[in-house]
Every structure is written in structure tokens, then in C-alpha cells.
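> Task: produce atomic coordinates for the following.
(2 chains, ligands or ions: 5)
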Amino acid sequence: MEKILTQNWSLKDSHTLAVYESTGGYQSLSKLFTMKPEEVTEEVKKSGLRGRGGAGFPTGMKWSFIPKDDSKPKYLCINADESEPGTFKDRYILELNPHQLIEGAIGCAYAIGAKTVYCYIRGEFMFPYDRLQQAVDEAYAGGYLGKNIKGSGVDVDFYLHKGAGAYICGEETALLESLEGKRGYPRIKPPFPAVMGLFGCPTVINNVETIAAVPYIVNKGSAAYRQYGTEKSPGTKLFCVSGHVKKPGNYEVPLGYPLKKLIEEDCGGMRNGKALKAVIPGGSSVPVLTAAEAMEVNLDYEALAAKGTMLGSGGVIVMDESVCMVKSLLNLAHFYAHESCGQCSPCREGTGWSYKILKRFHDGEGSVKDLDLLLEIADNMAGKTVCVLSDALAMPIVSHINKFRAEFEEHVKLGKCPLE
Amino acid sequence: MPTLKIDGKEITVEPGTLVIEAACRLGVSIPHFCYHRKLSIAGNCRMCLVEVEKMPKPQISCNLPCTEGMVVHTQSENAKKWRKNVLEFILVNHPIDCPVCDQAGECKLHDYYLSESVKGSRFEEEKVHKLKKYELGPEVMLDDERCIMCSRCIRFCNEISKTNELGFIQRGNHVELRPFPGRKLDNAYSVNTVDICPVGALTSRDFRFKQRVWFLQSADSICTGCSTGCNIKLQHNKGIVYRYLPRQNEAVNQVWLCDKGRLSYKEINDENRLLLPEKKSEGTWQIMGPEGTLLELSQVLKEKAADSLLAIASAQSSNENIFAFKKFARALNAKAVLASSRREVKDPDSDDFLIKADKNPNSFGVEKLGFKKKASFSKAKVVLVLGEMNEADQKKLTDLNAELIIVFSSHKNSCSELAHWKIPVTLFAEEEGSFCNFEGRVQKFNAALKAKGQMKPAWVWLKDLAKKVGVEMKFSSAEELLKEGFKLDYKDLGVEGKVV
Ligand SMILES: Cc1cc2nc3c(=O)[nH]c(=O)nc-3n(C[C@H](O)[C@H](O)[C@H](O)COP(=O)(O)O)c2cc1C
Ligand code: SF4
Ligand code: SF4
Ligand code: SF4
Ligand code: FES
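Ligands and ions are numbered 1, 2, ... in the order given. As a prediction, the model looks like this:
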């Protein structure tokens, strides 16, 4: 399989303009500027590319929501906040192939009529930030950014903005608030960013990996992109595998790839001869899979949905038999309680409450009735808030308890963790 | 114009109308905390969730525009359950210290708990503890444990006072309300945040712990702090005024009050209120009975008033009293000279919102009724003063060396001190009447308190005195005076008053 996102990663100095150009970088631009903006959007639509930030929203469709007859400036915001536990793909694109992101950004900006691109980068990403800034500087110097790009008459400016350590600022509207200099609170929708986004103007927000796929689609066309993946989930995707496998890391595979194959072949199987217990397939917020489910599922949007979980960001967290599922859930609850922005009552209180129950539970002071309470709290948190961070804890609560209930009940019986 | 159904009742509304507002018009009040008509929509409390047919998720009615054919349920099993669950969440970390909370009796959280939930808590963990007493500013105290993070106070400061001093810090259930570093909640309108805080998180430092709100009685009145004439609820118990709350008048103050005006109630409770008529004899004040006062005054007035009479009305008196005063002066002496005086404040503040530099409630009325500001007072033997004069006018009065000065006054103050007679009159809090605000809007106030001692409305004193002097003044109520003076009935004033 041809690599679309990682092809340069192993090259020395892959982050530099020289290496990028030498491998065909920025070649999509000459084709891009001969196309009409609508044609670019149409091609991306046809490619079937879906958002790689978590929600999997069709990218071309998102671009087409930008009003054409609006005289306000349009913006592209690239989401490089990557804070979802288990996810570490965007940082590699920033570190190892930043020019591909810039090239994709020019494509998107051209398609939606934006002259300004902001890249919102997770505050802790010092090194990726430096790499991207160097690339941006090189791109300006090379005439790929700024006024009249390569004589096309197209202007695109590219700015970096560092976050300040809040997971919630990865939520697209909290990102906009933060970028505007305000507290990172997700906005109520409607209005949607395509109509009222950054500074009240039409805005597209896309994940780093999403944008990085654009040059290939522009260059080679949607049909080429569609040769990989499945009918409904075309293309390739980065999976960040962490946990108890022999070779954790980033793997670019076509969508529809069997999870079993990813774990057993690409990642070299389980570490220390231990048995697989559970897999969280799409970043910490998606429902967990049992080992049996994991061994028969394919990595595409539809197959994972059929198993009651999601592709999410592609953060695959592999857990072996040594992992206590109460502790796994406790860990997640701690994260979401800490990261809830605190504006919605169900999320602010539900995440904190769940965490406290789980803490007590893990300490051996739980009862079976706590499990039912947790399930009810999860139900009351889900689908009733401004953003889906609330659901992001509700889903793991439901899946952990329902799929591993016996283990939770063991804690009650023994008055301690059976694995400790 | 979409037509929709809410709880089975049909309504047609202008496009863009929110479901929560349409419901309100149908008499369906959807519980809410963060939504406030005068503020931007935050949609954070999630209390107003409703069930809408064909929409898969619960919807917040405070951010949901009505659309054609929409079918909304606020009383379905789901909607009731959702509200109950949101309340449960809000109460998880709430201290529930209602017995010692100033908001008790007017707390939305308390009310909704009773109307929507009433169930025991399932929360067995330790609550998050926060500051119980944080001085947000000179007028406002914060109990952070009671804050439900609705952000109304923050939005008020951003959007109404436009002073932007508040924000949230921390995240999750550790969120706290704070002023920005180096700032305080210190603006001319800060106590409005206390009014709109749905719980007891924000309390007025002036009012807190003084009265349980269920002991308070309320009268519709007008603030006399400046010539804007903000509409108020004057709240009192056992003859003491405890606070003003804003009363909605879209044409004047919407739903707001300035802090200074709000605290101006204190002059009503003042220790220096004049309770009984007093007469100066040989330099000392002597208390007089009402009958003796009327008798003696009528005699001296009969003797002297024909010579020359100066009547000075101040811009703090009501239209009714000023009009009666004018009639009285004219009845005693057809050539009586009418003058007006205003309360002057050093460095008066004003802004382009509510606060006016003119700190008198009825400057427009006093002029309209024919009392003009005079550069100097004409020679007069008898001077009648209604209300409080400013310092310059007091000086002019002293210089006149008049033979008889009668001041109708609510307080013992430097002005009434100049008189030979001081006659105790009621304030707007103790009588019925009206003021004209700066733009000539006639607005009514109602009697809230019983008059103390021998205080009476000035028009009652004047009518009785006229009778003793031997002239008949034909009116027997404040309303008759307004009718004669302004061709208006009280009922003509409606809720927004009437511009004359
Ligand atoms: C709590 C929360 C955190 C998120 N964090 C990220 C993130 O770090 N990076 C990201 O790309 N998307 C994140 N998202 C998803 C974004 O809201 C948004 O859907 C995405 O950036 C859109 O880009 P895409 O269509 O290219 O996926 C987050 C969403 C939520 C609710
Ligand atoms: S769901 Fe949670 S994180 Fe999202 S806006 Fe509401 S409180 Fe904030
Ligand atoms: S102090 Fe009151 S008004 Fe302000 S956010 Fe808290 S509950 Fe809302
Ligand atoms: S603006 Fe004037 S009338 Fe209104 S509350 Fe303040 S002082 Fe009273
Ligand atoms: S009133 Fe609608 S969410 Fe608060």
C-alpha cells in the first residue's frame, strides 16, 4: 500500500522544505490553482474523506457549508490540540511532515475562500510547535505562503497559536473561544462555526490529519484516494497504538484493516506473553471492546459502530490481563472530571461525582448499588450538554460496567482490587 | 410566522422566537437558571430541557427557535425526568444551607426543587468546598459554594454595565467566580448581579442578614435618586424600608437600578425625620400640636401674606404636592412669586445608561407647574418652602430676612433650620403621588409606610390651612390634584407612565 500520510517519516530531515519538495511536495498547488474552489470541495467530497479529529464528519461536506455570498472573511482553523488520551498522531505529522499540513491548508483555504489559517497547537507541544513554525517560515520564504502564492493571485497567511493546557480547547468551538483570547468554553450550537465561527465569521475547523490528506486528494484525485479503505470509509488512517503490545507506535493502514492484524502483526503481538483483555479503539472517550470483540472487528467507521463503539481519533489503547477495569474506568473518570470545562451542570457534576464513586469503589468501599447509580449518572450525562465531553465519560462508564461487571462485583466481594 | 404546539396548546409567533418565550406566552413557565431575557444566551445550566417530537436529543428551550409544526412537550415523562436529573446534578455540590441563606424565600433552586423534584439525595461523597465569604466588591458578597455557575453575573458585567470585571477560574466542579486580577466587582450597577443571581451566591452587603424576605411587604414606587425615575419595588417591614428592587419598565430602567439609587432608601429611615410641627421661639424650637399649628399659622398668614409672598417648591416634591402648593400660594396672594429649587450634589455623576446628573426626581414637574429657577429672590415678607433647597438658595433666603418662613419638610436639615415654622410632611414612601422624570414621563408611586407622628402629605396640610385661612381648596385626593394639574388619571399612566 502507498502511504499517504507517513511516506516521508523515515527520511532524514523529512521536516524540511528541501526534502519535502524533493519527494513531490507542494506539487498539488499548480493543479489546485487551475481548479475552481468549488471543484476542490467537490473532489474532497467525492474522496469520502472524513474528519480524523474524532467525530468523523465528512470533510467536503463541512467545507461546502461555508456561505459563498457572505462578504465576511473566512477562516480555516487547524486543530492540533491533540489531548485525547491514547492519541499521538498529529504531533508526528507536525514533527516529521509539517509541510504536508501547510500544503493541505492552502488547498482547504483556497476551496473555502479563506486568506487566513490558524493552527491551534496543544501548549505542551513545544517541539512540534517549533518544527511547524520553522516549516511555516520556510514556506513563506519559498513563496508557498503569503501574498500571491507562486504567482497564482491567491493569498494565504498561516499563524500558529499555542494552547494553555486544557483538553477542552480541542473541542472546536472552545478552540475558537480560546483563539479569540477567551476562556475555553464550548459554544452552544447553533450557530455553527461554518456560519459564525472565529470572530463571528464563517470558519472551517479540521484536524491536522484531515488536512494532511488533502494534497494527495488534490494531486491524484478522489478515485486514487478511494482505492484504499472501504466503500463507506475510504482512504488511510493513522492508528496510534499504545499499551501492552510489543511495538507501540503510529501505523498508517487503510480503513477497514482488521484490528487483530494491527495488534498481532504490525505491533508484534502482546507483550510478555500476557493475554489480551480489552481494547479502547478510538481514543479514551469511546466505548471499550472486550478481547473477543476486538479480535473480530475491522478498523473503519461502520464496523466499529456496529460493535457499539467508534473510530474516534484512532488512538488504540491495548490492555492485557493485568489491567484492572475498575482502575481503567477510574483513570478515565479522573481525566474527564479534571478536564470538564464546568459550564454544563450534568457534565461538571456528573464527571466529578462518577470519579468520587469510582475512587471509593476502587478502594474497596463500593457496593453493587453504586454500579447502577453510575449507569444512571452516565445516562443522565449523555446527550444533554453543550459539547460531548460529557458523553465521552458516559460511554466508557456504560461499556466498562456492562462488559466487565463481574470484575466490578469482585471488588465489592473482596473489599479490594482482585488484581492487586 | 411559525405555528407550533407546546403541551398541546397552539401558538403562532414571530420567526426567531425562542421556545421558552413562546411557552411563557402560553402560561407555561419552563424552569431555567442561566437564561435571562436581557442577557446573551449561555445555555449552560441545562435546566430548560424539553422534548421535541422528531428531534432525537433533548433540547434546551432557551436556545431553540420556534419552527413551523414543532411539537414541544414540557410535561412528558422524559422532560420531567431530565429536569429532575439536572437538579440532582446541581445539588450534588450545593451546600443546601437554606436556613442561613439570604436567598431563602426567593431562591430559584429551592423553588424548582419543590416543584420539579423533591427526592432524597443519592450523593454520598464529600462535597467540594469553596469560599463561603468572598468580598467581590464594595456592595456584593460571594458564597462560592452556592454558585451554580449560570454566568448571569458575568454576562451582566460584560453586556449591561460593560465593565467586564468577572470571570470563572478553574475547571469542572472546582470552578469559582472571581474578579479579574487587580479588580473588584465595583461598578455603578453592581447590585443588579445580586438580583439576577438565581441562588444565594451573591448577596447585597447592605441587605444581607437584615430581614428574611418573607417578612417584607412591597409597594410599587419610583426611585428618587435622580431624574431618571427608575421603577422600584419598595420593600419594608414594620415601618422600616429594607431595600429597593427594580421593577420592570421597558421605557425607563428595563429591569435595572443603579447602586446609589438603590441605596437611597436610607433617607426614609433617617433619624432626622421631622415628626411633629415645630415653631421657633426665641431661638429654640418648640414642638406644636397640629391644631395649634393650623390656628397660629392661619392667623399670621392672614396678617402678612397679602404684603408679598414667595413660594419656593423643590424638585423633590410630587406633582400633586407642588400643584396644591401653587394653588395655596395663589389663594393667599394673587401676586405670589413662584420659584423652584433643586437638590445639588457636589460632582454629580451621570452616564449614558440610567444615571442622570440631576439628582432630583421631579425637576420637570416643578417647572411644568410654573415654578421657575430664579437668579435672586424678590423681596418678600412671607416665604413658603416646599421641600429641600440647595445651599445657594438657602443663602439667598437667609439674606432676605423675611418675617415669616414656613418650611414643609420631611427632615430636620439645614434648610428647615432656617424657618420660623417647620411642618412635617410625608415622603414619597408614605403617600401616593407622581413625579415627572427627566423626559416628562409622569410615573406613579404608592404609599408603602404609615406616616409617623404628625407627618402628612403637604397637600393635606395646605388644604387644612387654607380652610383655616378662610379659602376653600377643592380637592380631596392626590389623584384629583394630578387630574387638575396634568389632565391625567392615575390609570392613564399604565405600566410605563405617560410623557407630558
Ligand atoms: C472534548 C473534545 C476534545 C476534542 N479534542 C480534539 C483534539 O484535540 N483534536 C482534534 O482534532 N479534534 C478534537 N475534538 C473534535 C473537534 O471538536 C472537531 O470535531 C474536529 O477538530 C473537527 O475536525 P475534523 O472534522 O477534521 O475531525 C474534540 C472534541 C471534543 C468534544
Ligand atoms: S459538556 Fe462538559 S466540557 Fe462540554 S461544555 Fe459542557 S461542561 Fe464543558
Ligand atoms: S454567582 Fe450567581 S449569577 Fe453568578 S454565576 Fe454564580 S449562580 Fe450565577
Ligand atoms: S439611575 Fe437614578 S432613578 Fe435610577 S436607580 Fe439610579 S438614582 Fe435611581
Ligand atoms: S436556561 Fe436553558 S440552559 Fe440554562
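
> so A:Thr173 touches A:Cys387, yeah?
Yes: using Cβ atoms under 8 Å, A:Thr173 makes contact with A:Cys387 at a distance of 7.4 Å. From N, CA and C alone the C-beta is placed, and that goes for glycine too.

> Tell me, what's the model's pLDDT at residue 230?
I went with chain A, as the question did not name one. In this model, A:Thr230 is scored at 97, pLDDT.

> right idea, wrong chain: chain B
pLDDT recorded at B:Cys230 is 98.

> same check, this time on the one 10 residues further on
At B:Ile240, the pLDDT value in this model is 98.

> That one pairs with what?
B:Asn237 (DSSP bridges).

> that older thread, what sits in contact with each of A:Thr173 and A:Cys387?
Each of A:Pro186 lies in contact with both A:Thr173 and A:Cys387 under the rule Cβ atoms under 8 Å, 6 or more residues apart in numbering or on different chains.

> OK, contacts around the closest residue to A:Arg50 other than its chain neighbours?
Distance criterion Cβ to Cβ, 6 or more residues apart in numbering or on different chains; nearest residue to A:Arg50, sequence neighbours excluded, is A:Gly56 at 4.5 Å. A:Gly56 sits next to A:Arg50, A:Tyr301, A:Met310, A:Leu311 when contact means Cβ under 8 Å, 6+ apart.

> Apply 10 Å and report the result again.
For A:Gly56, the contacting residues are A:Arg50, A:Thr210, A:Ser233, A:Gly282, A:Tyr301, A:Leu304, A:Ala305, A:Met310, A:Leu311, A:Gly312, A:Ser313, by Cβ atoms under 10 Å, 6 or more residues apart in numbering or on different chains.

> Of the residues you listed, which is the most crowded?
When neighbours are counted by other Cβ atoms under 10 Å in any protein chain shown, A:Ser313 leads the contacts of A:Gly56 with 32 neighbours.

> Check the contact between it and A:Gly54; I expect there is one.
Yes: A:Ser313 is in contact with A:Gly54 according to Cβ atoms under 10 Å; the separation is 4.9 Å.

> list residues touching both of those two?
Counting by Cβ under 10 Å, 6+ apart, the common neighbours of A:Ser313 and A:Gly54 are A:Glu84, A:Thr87, A:Gly170, A:Asn207, A:Gly282, A:Gly283, A:Ser285, A:Val286.

> Spell out which residues of the stretch 51-200 of chain A are next to chain B.
By Cβ under 10 Å from any Cβ of the partner chain, the residues of the stretch 51-200 of chain A that approach chain B are A:166-168, A:182-191.

> For the contacts of A:Gly56, which two are the farthest from each other?
A:Thr210 and A:Ala305 (19.0 Å; Cβ to Cβ).

> And the residue nearest the centre of chain B?
Closest to where the C-alpha atoms of chain B average out (Cα atoms, centre = their mean) is B:Ile232, at 2.5 Å.

> Could you give me the buried positions within stretch B:472-488?
Neighbour-count burial for stretch B:472-488, with 16 or more other Cβ atoms under 10 Å in any protein chain shown as criterion, is recorded at B:Met473, B:Phe475, B:Ala478, B:Glu479, B:Glu480, B:Leu481, B:Leu482, B:Lys483, B:Gly485, B:Phe486, B:Leu488.

> What of stretch A:45-60?
The neighbour-count check on stretch A:45-60 (16+ other Cβ under 10 Å) flags A:45-54, A:56, A:59-60 as buried.

> Need the shared contacts of A:Ser313 and A:Gly54 in JSON lines (columns: distance to A:Tyr120, secondary structure and pLDDT).
JSON lines is the format used below for these (distance: Cβ to Cβ, whole Å; DSSP: H, G, I helix; E, B strand; the rest coil; pLDDT from 0 to 100):
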{"residue": "A:Glu84", "distance to A:Tyr120": "15", "secondary structure": "coil", "pLDDT": "95"}
{"residue": "A:Thr87", "distance to A:Tyr120": "15", "secondary structure": "coil", "pLDDT": "97"}
{"residue": "A:Gly170", "distance to A:Tyr120": "8", "secondary structure": "helix", "pLDDT": "98"}
{"residue": "A:Asn207", "distance to A:Tyr120": "11", "secondary structure": "strand", "pLDDT": "98"}
{"residue": "A:Gly282", "distance to A:Tyr120": "21", "secondary structure": "coil", "pLDDT": "96"}
{"residue": "A:Gly283", "distance to A:Tyr120": "18", "secondary structure": "coil", "pLDDT": "96"}
{"residue": "A:Ser285", "distance to A:Tyr120": "19", "secondary structure": "coil", "pLDDT": "95"}
{"residue": "A:Val286", "distance to A:Tyr120": "23", "secondary structure": "coil", "pLDDT": "97"}
